[in-house]
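Undergrad: let me see the structure of the following:
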Amino acid sequence: MLSFLTWIEGSALGAAVRGAGVWAYGVINLVHILGVATLFGSVLVLDLRLVGLWRQVPLSLIARPTVPLAAFGFCIAASSGLCLLSTNATDYVGNPFLLIKFAAIAFGLLNIAALSRFDAWRQREVREPDTRESSQLAVAGGVSLASWLIAVSAGRLIGYW
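TA: Here you go, the predicted structure:
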């Protein structure tokens, strides 16, 4: 991890962000927060449906707006987070919350990959999941909620270590 943090801090990106002026870090941090909020807000709505809330609302109707919003939020959060990290990455050596955040993000992304393989998810536009499939989706939704909540919480705690 030290070699990655040293590399990212010494990269052209790190130099550019550090040299961008006094407001750069604050603006990038704001963009990061907006990306995280977009990601987590979308994931929260979708995952609550997956775990069983709002069963009267078809899964396809909830997934249509939330999936692209979550993807957009993730892209914004990840790119701005990389910019933030590059400014002083080596300061985070030994910070357990950075490792927890990265692991939770990886777990969340793996969960998305697993969910995308479920028939019920792939068929959401043409039919609602049956009882067995709803149980699978509920587990995926719960894992997703836990992963992203841990990522957001650990990210917030990074600065307090």
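Undergrad: what's the neighbour count on residue 87?
TA: Residues lying near residue 87 (other Cβ atoms under 10 Å) number 19. Quick note: C-beta positions are derived from backbone N, CA and C, even for glycine.
Undergrad: which one is it nearest to, not counting chain neighbours?
TA: Closest residue to residue 87 apart from its sequence neighbours, by Cβ to Cβ, 6 or more residues apart in numbering: residue 17 at 5.0 Å.
Undergrad: tell me the contacts of that neighbour?
TA: 24-25, 28, 83-84, 86-87 (Cβ atoms under 8 Å, 6 or more residues apart in numbering).
Undergrad: among those, which lie within helices?
TA: 24-25, 28, 83-84, 86-87 (DSSP state H).
Undergrad: what packs against the lowest-mean-pLDDT helix or strand in the chain?
TA: Between all helices and strands in the chain, the lowest mean by mean pLDDT, DSSP states H and E belongs to helix 2-10, at a mean of 93. Here helix 2-10 touches helix 59-87, going by 3 or more Cβ pairs under 8 Å, 6 or more residues apart in numbering; DSSP states H and E.
Undergrad: let me know the angle separating the helix it packs on from helix 2-10.
TA: 80 degrees (axes from the mean of the first three to the mean of the last three Cα atoms, to 10 degrees).
Undergrad: residues near residue 50, how many?
TA: 27.
Undergrad: apart from its neighbours in sequence, what residue is nearest it?
TA: In this structure, residue 50 finds its nearest non-sequential neighbour in residue 141, 2.8 Å apart by Cβ to Cβ, 6+ apart.
Undergrad: so the one you found sits against residue 47, correct?
TA: Yes. The pair residue 141 / residue 47 is scored as a contact, 4.1 Å apart, by Cβ atoms under 8 Å.
Undergrad: so the closest residue to residue 67 other than its chain neighbours is in which element?
TA: With sequence-adjacent residues excluded and distances taken as Cβ to Cβ, 6+ apart, residue 67 is closest to residue 46, at 7.0 Å. Residue 46 is part of helix 24-50, with elements assigned from DSSP states H and E.
Undergrad: that helix to helix 59-87, inter-axis angle?
TA: Going by the same axes, to 10 degrees, helix 24-50 makes 150 degrees with helix 59-87.
Undergrad: thanks a lot, catch you later.
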